[in-house]
Every structure is written in C-alpha cells, then in structure tokens.
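A.B. asks: here is a sequence together with a model predicted from it:
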Amino acid sequence: MYAYPFSYHRAKSLAEASKLLQQLGEESRVLAGGQSLIPLMKMRLARPSALIDINYVPGLNDIQSHNGELRFGALARHTDIDMSDAAAAIPILHDCAIGIADVQVRNQGTIGGSLAEADPSGDWGATLLTLETSVQCTGPQGERIVKLEEFIKDAYTTVLAHDELVREIIVKKPPRNSGGAYLAFKRSAPVYATVSAAVQLTLDGKDICKDVRVVLGCVGLTAIRAQRAENELRGKKIDGKTMQRAAEAAREAAEPQSDMRGSADYKRTLVAALVKRAIAIAMRRARGERVEAGHEYVGR
Amino acid sequence: MSGVENVSVRVRVNGEPREAQVEPRTLLVEFLRENLNLTGTHIGCDTTYCGACTVLLNGRTVKSCTLFAPMADGAEITTVEGLSTDGALHPVQNAFAECHGLQCGFCTPGLLLSTLHLLNKNAKPTDKQIRKAIAGNTCRCTGYQNILKAIRMASDEMGKH
C-alpha cells in the first residue's frame, strides 16, 4: 500500500527538525520509529505533506541513570529499554517494554514516539503515569519540562506545539519498598491491548500501603488515573477485601467503549480483574520477590 | 509521478552495496523487491501484523512494510537471500526443511529471520522464549508445532559449531 506522496527531510539535530517543522508548515510531521505513523499513512488516515526524519539525530537513544532519575532519549527503542539496567531495576518499565506489540515493532518503535502519539491504547502512557514522569520538550523558545499528566491532553493530543519535539523522558526512581506491575490483555501479540492496568505502590512494613497509583489504559480518551481505587488502598492493609474494593472502584472509573476488541461490559470486567492481579504482583515485588508479568495473549 | 523529489537510498544488502533513487513513500519491502529485485522478502498483510516481510536491519528484525526506504539509508540489511552460502542452506533453513516447518512457504522468509535474530541473542531459548520471539510472525498452514520443532533443531545444530 502506498501512502500519499510526501517530501522527505532528514534532520541532523532537534533544532534543525524544529526549524524544518516551522518552514514546512502545519502539514509536516516528525518521523521517529514510524510504527504508528506509517500504518496510519498507508491506510491514508494520515496525510502529511512532509516528513522530518529524526532517526539520524545522534545521541537521541541514550538511556541514563543518575541522581535518582532515569532519562530515556526520545528515540530509545522499546527493545533498548527492555534490555536496559534501568528497566531491570524498575519492573513495571520492564513489563511494558518487553510486551509492546511484537519483537519487530519493539526493535523499531520509540518511547518518545509512543508518548507523542498519545494513543488511548498506548502502553507507555499508562505505565509512566504511575511514576513521577516528565517530558523534556524542545522548540524555538528553548527547552521546557512538562509533567506527563499535563503533557497528554486528550486522545492523540499533547501539549507539543507544531514546531516542538520530545527530547527526553525523565522518570524519578521510586522509593524503597516499592513495586509495580503493568498488565496488558491483548487478543494477539501485534495488536493494541483490549484493556491494560498499571499499579505502582510503596509498602510500609509487610502489607500496609503507604502510597499507590492505579492507572487504566484503553478505557478512555487518555490513560485514566483511578483515584478512588487508590483511596481504597492508601494507608490501609492490603488484603483480599481492600483489593476487591480497589478493583471495584477501578471498574467504576473506566469509561470503555464497545468495539471490535470487546463490549464495554467485558472491558469493565477485565479492568477489575487486571487491577486486582496487578496490585498482588506489585505487592510481591515491593517485598523483593521476582515475579514475571506483562502482556498477556493466547499462545504467549 | 507525485511531483516530490526522489531520495537516494544506499544500503548494504547481504554484504553487497546497493543504491537506488526512490520516491520517499517507497516502503523498504518494495525497495527490496522492486528496486533491488530481491523478491524473497514477501508482502503478506501489509499492515504491520503478519511478519512475512521481516528482515534484519543492522542486526535487528523489523517489518519492512513499516519502514519507508529512506529510513534504511546507510543500514546493513539481511534478507532471506543472504542466508545460504555457496548453495548450502543455512542451519535455520535446513531445520525448517527437515522438520516440515513450512507448507505453503509464504511466511517462511520472515520466520527464518526472526529465528536467526532469536538465536543470535539467545542460543538456547526455552519454548516460551521461542513462542514470544515468533509472536510477530503469522503462519496460516502449519499450526506452529513444526516451526517450534524446527527452531529447537536449529538451536541444537548451531550450538554444535
């Protein structure tokens, strides 16, 4: 399938890319890994007149860890993250990186592209909202750092101006006795999840929840923070009862639509089940246990 | 004939330097098949699902239907044509043949490269690791069991050398 014709421009720096975006106008777009944009262009759902390829900008795929912060270059591929020490130390990052679509897509798709695309079913948005995450953006006015909560405005919409690009994703390392889990339920490997749930919590002692974030993916215009579910856990002992209450609150918080991936009712049921499971895994990990988790599909 | 400027794409494919002028919207798979006449790489679903078009780009598998050719400029590419040496099948190809890891063969070029990528990273994968590694490759004939056998055999054979 052929995309509509476009002119191709290769940027050597983000400053040059920003300048090109200005010069080429509103119909120009940034090309990172291309794993969302290219399918959209082939199906002619997107029709940019010009693409600005940033894959040749040096140093944009670095992953660094210092001063209690992780910094992911915008072009860090999902595979780079899955193999990184950073992800090994923060299991929820590993859960997310190791299961996005399939090997081929993970080898090419980027964390910056995923966030800038702001797909309601995107994996990184839901995962990173459970951590203290901010996005360093660069444009003609210079650099600015935006909290991820503010960066994602709506479905497929971010705060990025037309001539602004993502440079880095900054994630604060969680405190001691923390654990998290990202569970995404998919019909098969290459597709977007039907529902995903991300839980990151900090324990006080063996089972008291000191702090927690619960985020739901694929069931709203953006990933949804389920604050009532968090309130059912925060400051309380995590047991079967509180987990059940949190799962029910998450079910209420979801705003799913019926579509080819499942009915709204089915998705609400999935939300409750995944949240419950994610809390249990997060708790075990917070205690230092190694637990395998992540994306689930038939034949995995 | 779209009125946009063509772009020069230079790559090394299976060790050979190759170059062509293409429209920017040319997909990597079309570049390989139409411009370089390497028709071993297949176009299956053309929607980033089936993995028939899988090739190695700088040592990593990608779906060549989901890259514009200019994105591969300067890259090393391995296609199925690069697997055999002097007419002798690569151990991965041999294992697929021995274990009936193919029937119609349409998905096979992609599966061979996904297998090679897996075994380059992990010489002795578990069954679960094999399943995850080929989750991006769809086969409509075999039911996958013989593909799993073939990948296990390839792993054993390559481990001997």
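C.D. replies: Looks like it came in fine.
A.B. asks: what's the end-to-end length of stretch B:21-30?
C.D. replies: One end of stretch B:21-30 sits 13 Å from the other (Cα to Cα, to the nearest Å).
A.B. asks: off-centre distance for it?
C.D. replies: Distance of stretch B:21-30 from the chain centroid (Cα atoms, centre = their mean, to the nearest Å) equals 18 Å.
A.B. asks: mean confidence for it?
C.D. replies: Rounded to a whole number, the mean pLDDT of stretch B:21-30 is 98.
A.B. asks: also stretch B:65-80?
C.D. replies: 98.
A.B. asks: show me how far it is from its chain's centre.
C.D. replies: Relative to the centre of its chain, stretch B:65-80 is centred 11 Å away, using Cα atoms, centre = their mean.
A.B. asks: now the end-to-end length of it.
C.D. replies: End residues of stretch B:65-80 are separated by 15 Å (Cα to Cα).
A.B. asks: and what of stretch A:36-47?
C.D. replies: 13 Å.
A.B. asks: hmm, who's touching that stretch?
C.D. replies: A:1-4, A:6, A:27, A:29, A:31, A:48, A:109, A:113-114, A:117, A:119, B:25, B:27, B:46-48, B:65-68 (Cβ atoms under 8 Å, 6 or more residues apart in numbering or on different chains). To be clear about C-beta, it is placed using only N, CA and C from the backbone, and glycine gets the same treatment.
A.B. asks: and for stretch B:58-67?
C.D. replies: Contacts of stretch B:58-67 (Cβ under 8 Å, 6+ apart): A:34-35, A:38-39, A:42, A:79, A:103-105, A:107-108, B:27-29, B:32, B:41, B:43, B:45-48, B:51, B:53-57, B:75-76, B:113-114, B:117, B:120, B:136.
A.B. asks: circling back to that earlier point, list buried residues within the contacts of stretch A:36-47.
C.D. replies: The neighbour count (16 or more other Cβ atoms under 10 Å in any protein chain shown) marks A:3, A:6, A:29, A:31, A:48, A:109, A:113-114, A:117, A:119, B:25, B:27, B:46, B:48, B:65-68 as buried among the contacts of stretch A:36-47.
A.B. asks: what are the phi and psi values for the nearest residue to A:E117 once chain neighbours are set aside?
C.D. replies: In space, and not counting its chain neighbours, A:E117 is closest to A:S36: 4.8 Å by Cβ to Cβ, 6 or more residues apart in numbering or on different chains. A:S36 has phi and psi values of phi -100, psi -50 when expressed as degrees, to the nearest 10.
A.B. asks: likewise for A:C137?
C.D. replies: A:C137 adopts backbone torsions of phi -110, psi 150, taken as degrees, to the nearest 10.
A.B. asks: so it is in contact with A:E164, correct?
C.D. replies: Yes: contact criterion Cβ atoms under 8 Å: A:C137 and A:E164 qualify, at 5.2 Å.
A.B. asks: what's the neighbour count on the residue of chain A at minimum distance from chain B?
C.D. replies: Among all residues of chain A, A:D102 sits closest to chain B, at 2.6 Å; criterion: Cβ to the nearest Cβ. Counted by other Cβ atoms under 10 Å in any protein chain shown, the residues lying close to A:D102 total 26.
A.B. asks: just the pLDDT for the closest residue to it other than its chain neighbours.
C.D. replies: Take A:D102 and drop its neighbours on the chain: the residue closest to it by Cβ to Cβ, 6+ apart is B:G136, 2.6 Å away. Here, the pLDDT recorded for B:G136 equals 97.
A.B. asks: in stretch A:203-223, what's buried?
C.D. replies: A:203, A:209-220, A:222-223.
A.B. asks: average pLDDT across it?
C.D. replies: For stretch A:203-223, mean pLDDT is 97.
A.B. asks: how far away is the closest residue to A:S188 other than its chain neighbours from B:A88?
C.D. replies: Distances taken as Cβ to Cβ, 6+ apart place A:Y297 nearest to A:S188, at 5.3 Å, with adjacent residues excluded. Here the distance between A:Y297 and B:A88 works out to 37 Å (Cβ to Cβ, to the nearest Å).
A.B. asks: these two: which is more packed in?
C.D. replies: A:Y297 (17 against 9).
A.B. asks: avg pLDDT for stretch A:130-143?
C.D. replies: In this model, stretch A:130-143 carries a mean pLDDT of 97.
A.B. asks: any chance you could list what contacts that stretch?
C.D. replies: A:14-15, A:18-19, A:22, A:90, A:92, A:115, A:144-148, A:151, A:159-161, A:163-172, A:174, A:180, A:182, A:198-200, A:213-215.
A.B. asks: do the same with stretch B:148-161
C.D. replies: By Cβ under 8 Å, 6+ apart, stretch B:148-161 touches B:91-92, B:94-96, B:98-99, B:101, B:115, B:118-119, B:123-125, B:127, B:130-131, B:134.
A.B. asks: near chain A too, which of those residues?
C.D. replies: Restricting these to those near chain A by Cβ under 8 Å from any Cβ of the partner chain leaves B:L118, B:R131.
A.B. asks: what helix or strand does the residue nearest to A:H94 when sequence neighbours are not counted sit in?
C.D. replies: In space, and not counting its chain neighbours, A:H94 is closest to A:A87: 4.2 Å by Cβ to Cβ, 6+ apart. Here A:A87 sits within helix A:85-89, counting by DSSP states H and E.
A.B. asks: kind regards, and thank you for your time.
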